[in-house]
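Visitor: model the structure of this input:
(2 chains)
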Amino acid sequence: MTSVTDRLEKKTLLKAPQERVWGAISDAKRFGAWFGVSFEGDFAPGARMIGTIVPTTVDPDVAKSMEKHAGMTFEIQIDRIEPMNHFSYRWHPFAIHRDVDYSAEPTTLVVFELEEVTGGTMLTITESGFDGIPLARRADAFEANDEGWTLQSKLLEKYVSKTSP
Amino acid sequence: MFAALGDKTRLLIVARLCDEGPLSIARLADGQRVSRQAISKHLNALSKCGVVRSQLAGRERIFELRTKRLAEARQYLDQISAQWDRSIERLRAFVESDL
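Guide: Presented below is the predicted three-dimensional model:
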């Protein structure tokens, strides 16, 4: 049984052809446009990409909410690029402190998988490796959130719902 | 901490401590297919990563759940998950728009 807390998986149907979705993910400029980061150079397997956080171009309200991190360095290490269905990289989740050197800390692996389906492209995003993330870093992830529980998390929810000393 | 919860027996231990409150190794091994030794090993792993803590009560060691830690672990993954949801919506806006 694999750890239910080591990885996250997100599946979503995008109403766009696989080629367009692939381009949006695997091209550094296009990735940056929606994600909200400006990279130097192109994505290539094994490449260390250094970028700067910039507001996203797709939504002005969202862009405004990203402003507080604007200008920060954003770094990912590309893992594999397999057109047009696999794109993966490593990074430090929530690397939001300007004065911290994250380079010695463990990374997680982010994988984008694309599949052509009726109606568009099925995108599966998996992030794994949370085992190694230090306790102190997890506090950085905290913000108010009304997100619903995923199926996997229902198990843990049961355990934490009781109060105990 | 996350890896420690990925074992079926450990999850069972956590479930029992949650349902029944603090328990000794003997009680935890009672009626289970797993040996006391194995239970003890699992409890060690769970203690090391802060999911359970123990106290000596007479000659027995009693183990209990540290639910605050588990809640924090859960919360962390929820934040990451929410962040991905937002990123996915930005990607959606980008690829589904008429260019």
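Visitor: could you check how far the longest helix anywhere in chain B is from the centre of its chain?
Guide: The single longest helix within chain B, with elements called by DSSP state H, is helix B:67-96. Its chain's C-alpha centre and that of helix B:67-96 lie 19 Å apart, by C-alpha atoms, centre = their mean, to the nearest Å.
Visitor: measure stretch B:26-45 end to end?
Guide: End-to-end span of stretch B:26-45 (C-alpha to C-alpha, to the nearest Å): 17 Å.
Visitor: residues contacting that stretch, please?
Guide: Outside stretch B:26-45, the residues that touch it by C-beta atoms under 8 Å, 6 or more residues apart in numbering or on different chains are B:4, B:7, B:9-10, B:12-13, B:16, B:20, B:25, B:52, B:54, B:60, B:63. C-beta coordinates here come from the backbone N, C-alpha and C atoms, glycine included.
Visitor: what about the strands in chain A?
Guide: According to DSSP state E, chain A carries its strands in the segments A:7-14, A:37-39, A:48-53, A:73-82, A:86-91, A:108-117, A:120-128.
Visitor: tabulate these in JSON lines, adding columns for distance to B:L70, mean neighbour count and mean pLDDT.
Guide: What follows is the strands of chain A, written out as JSON lines (distance: least, C-beta to C-beta, whole Å; neighbours: other C-beta atoms under 10 Å in any protein chain shown; pLDDT from 0 to 100):
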{"stretch": "strand A:7-14", "distance to B:L70": "17", "mean neighbour count": "17", "mean pLDDT": "91"}
{"stretch": "strand A:37-39", "distance to B:L70": "33", "mean neighbour count": "19", "mean pLDDT": "94"}
{"stretch": "strand A:48-53", "distance to B:L70": "32", "mean neighbour count": "17", "mean pLDDT": "93"}
{"stretch": "strand A:73-82", "distance to B:L70": "30", "mean neighbour count": "16", "mean pLDDT": "94"}
{"stretch": "strand A:86-91", "distance to B:L70": "26", "mean neighbour count": "19", "mean pLDDT": "96"}
{"stretch": "strand A:108-117", "distance to B:L70": "20", "mean neighbour count": "17", "mean pLDDT": "96"}
{"stretch": "strand A:120-128", "distance to B:L70": "20", "mean neighbour count": "18", "mean pLDDT": "94"}
